[in-house]
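1. no letters, just coordinates:
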């Protein structure tokens, strides 16, 4: 069974091979081994890019395979980041507070410790009390469970409501966009319990590993991201192959026909929507400790639209396309906006890419949609001719 | 005979002058010390004397004194007004010579004294021939609201010639009477006279009359004018009630956790407190136990137990008493205030409805273009917001060239339509035409255009907000009363929304183009076989929808700032409007815009400090609304409804 799955999907093997080689290469060239050809900050960028690739794979499954253009998957990504960020921030603040209270004549009471932590975390929004949603923040395992549970539940409830009333097509896209907007507006409030527009910060400091250098931490997170991407890729490749994959693709191509064939379309859609939301959340939980900070701006609707852009440019309906699109566009984007690209002198006007990159991206995106609907991944079709 | 009589009259008229033989200078000399170095308390005597003298030159003197223009000459101690380099006599007002800084001492009244001088001046200014001065005097009284101003104000009402100012004076006098009149009946009459006036200052006056202070006593005091009794646990928290008891010295203070901690820290001896080792004192219970040992030894004040607290609360009454002793007055004020507040609530509701209406018309303008393209072509245009922005920038550019604001708006409206119509047609021809059967990809392609346009606008116009100035006749607001007001711009936008509603309905229902558009909406294939060219109709429809977005941009730019991101602010709301209203129907868009506009204002009213929360709840409401009416308020029926 296993052999036939790989046999049917040779790209999975190729992808995993490439991913492991890439991981190995980056590790060897990083500062950990002393070669230091790749700086720690670039390792973090690569690690973050792998997380973006993972959410792009999830997006490809929900959009490219199931035909649901969700403009809200970055909300799940952000929720995952917030869930892990709460523990990171709580545990680190707790360590700092305990250290500062250790010098006191009396040992602190639990109440005093909790008050001091609350002051540290919420002083910035003018509060010192712990909101209810922080109830599990002191426990890593419970909070890891929250990474999966909260986005999963949100996706389940939202998806159930939406699919049950047969909201499809552009309506569904707008609805998911509204969900993201509502969530980010809610988090922007100071009394949301998640520090308003300050967001959670200092996430790159892992509690318990204060003495470990960032070079080691970054490479560990890089491995974790690579592993998560590999595992996610394998899992989704399995989901979209076989009989279930056929049903999912059938829903994309003609929902009514699949329904008339007796399949319970809503359950399939709900399953795909929820499982991709959970994977997005895991990607977010790995992304934000590497980014160091999360704020509601990350969840803004535009982020989810960019996600769709990556997948479209990479090529929908093929998982490696999503990976290529996310990696290519996000790295290119940081190269252009970071000032890495040399200015282009037209004689009468010099194009500064920091100003013009978005124009280029927008127009090339239109061009891809119009002329290369298969995206970059479509190029592989020229290389590999499938035996008929 | 007549001449003799006139002489006698003239003599009589000069008599008062004789009786006040002294000049202003003499008067000032008697108070020489206070005039030169006036103090907040001592100045009253001088001012009273000056006012009582009735001399006409007192007013210019007081003004000069207030403005620190009065000096004393050292050689003879005489006072002069100095202006520039010249000394002026205070009585005659004539120049008496150059001012040499040597030998002159300035009189420098401080802020408090100058205010007192200003108050004394008010009564003169109240009858000043210059209406601006009278107005300023009335404003000064309204600001300070002092008992001393009641009498001068009342005296000046009779002679007031300006009707509007007279009304203001009467109203002000009524407010002062309500606060300060001698007899209870006068005050009650004045308070009742204030009914029907919704202004904030009248409400402030009534609230001043009704001001209360909380009190606590073993039994209810007989003489106090009690507003209400407070029940601990219901009207005020038990902790607050106990804190009041402590403040009134009726109960021993509670010992707080931090006080316990401090007491324990102060009594650490040999690594233990009262026999408890320090390392055990990491919990509240053990700390209390250790503290009680200390308390028994008399080293610290004892803890107050829950039972003692409850007993203390039970044995006292908590109440709110009016600062005003007369119950008749407070009752009248309460009744009047209740009446006013009912009216205010009604007016606020009307004001809210007006706000909702104007928000709804903005959403309608922003969304109607989208509704047309979405409804007719099934195409989602993510760049719609950028067309709004484009229209607004067109207005801004026109204003750069045409300085007359009325004219520039008249030019900008059709020009914005033309520009965005062109952009829309170009977009339809170049991009959307190729994607008709792939709606999701249209969404993404138009999104690509949207980010490109947005960045382009940023590159051209910069990131800072650009103003789009409305003509003068749109400045200000239509004021119904103190609560209900709506700015003329919002009225103009409302009118514009109405015009566009009428125009679109007319085009769709009464013109050949509208007929063809509706035919293509219902069944493109059948329309094509009837000789309608669907390509042309699609192009025109898209251009029309985009053109309206451009005009909406001008309208929105008039009351909000023009930025490259303004389109993005409206795009989600526009989608919501279209989706809630129902696709492909002008009335649906109208219903959707009204629903969303009023709803948003309504939610903001419930939680006025937090517009973010209002938007969140509104979007949640819309998500739920879609559950129950997935096709919107006005759903298409029959074959046209098929996807």
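-> Everything's here; your move. Just so you know, these numbers come straight off a predicted model, no measurement behind them.

2. residues touching residue 134, list them.
-> Picking chain A for this. A:86, A:90, A:193 (CB atoms under 8 Å, 6 or more residues apart in numbering or on different chains). C-beta: built from backbone N, CA, C; applies to glycine.

3. hm, I was asking about chain B
-> With contacts defined as CB under 8 Å, 6+ apart, residue B:134 is in contact with B:125-128, B:156, B:160, B:162, B:165.

4. farthest-apart pair in the residues you listed, please.
-> Using CB to CB, the contacts of residue B:134 span at most 13.9 Å, a distance reached by B:125 and B:162.

5. would you mind listing what in the stretch 101-250 of chain A touches chain B?
-> A:105-111, A:158, A:161-162, A:164-171, A:173-175, A:177-179, A:181-182, A:185-186, A:188-189 (CB under 8 Å from any CB of the partner chain).

6. of the residues you listed, buried ones?
-> Neighbour-count burial (16 or more other CB atoms under 10 Å in any protein chain shown) applied to those gives A:106-109, A:158, A:162, A:165, A:167-171, A:173-175, A:177-179, A:181-182, A:185-186, A:188-189.

7. next step: those residues restricted to helices.
-> Applying DSSP state H to those, the entries found in helices are A:158, A:162, A:169-171, A:173-175, A:177-179, A:181-182, A:185-186, A:188.

8. out of the residues you listed, the closest to residue B:566 would be?
-> Looking across these and measuring by CB to CB, the closest to residue B:566 is residue A:181, at 16.4 Å.

9. care to break chain B down by domain?
-> B:22-117, B:126-209, B:212-322, B:344-641 (automatic domain parsing).

10. so for the last one, mean pLDDT?
-> Domain B:344-641 carries an average pLDDT of 86.

11. again with stretch A:27-37
-> 84.

12. quick check, residue B:105 in a strand?
-> Yes: the assignment for residue B:105 by DSSP: H, G, I helix; E, B strand; the rest coil puts it in a strand.

13. for it, give its distance to chain A.
-> 53 Å (CB to the nearest CB, to the nearest Å).

14. same question, residue B:579
-> Per CB to the nearest CB, residue B:579 is found 6 Å from chain A.

15. got a list of what that residue touches?
-> Counting by CB under 8 Å, 6+ apart, residue B:579 touches A:171, A:174-175, B:592, B:622, B:626, B:632.

16. can you give me how far the longest helix seen in chain B is from the chain middle?
-> For chain B, the helix that runs over the most residues, judged by DSSP H, is helix B:327-377. Chain-centre distance of helix B:327-377: 15 Å, with CA atoms, centre = their mean, to the nearest Å.

17. show me where the stretch 51-200 of chain B has helices.
-> When secondary structure is read from DSSP state H, counting those that start in this stretch, the stretch 51-200 of chain B shows helices at B:58-66, B:111-125, B:131-144, B:150-157, B:163-180, B:184-193, B:200-209.

18. may I see the buried residues of the fourth one?
-> Spelled out, that is helix B:150-157. Of the residues in helix B:150-157, B:150, B:152-154, B:156 count as buried by neighbour count, 16+ other CB under 10 Å.
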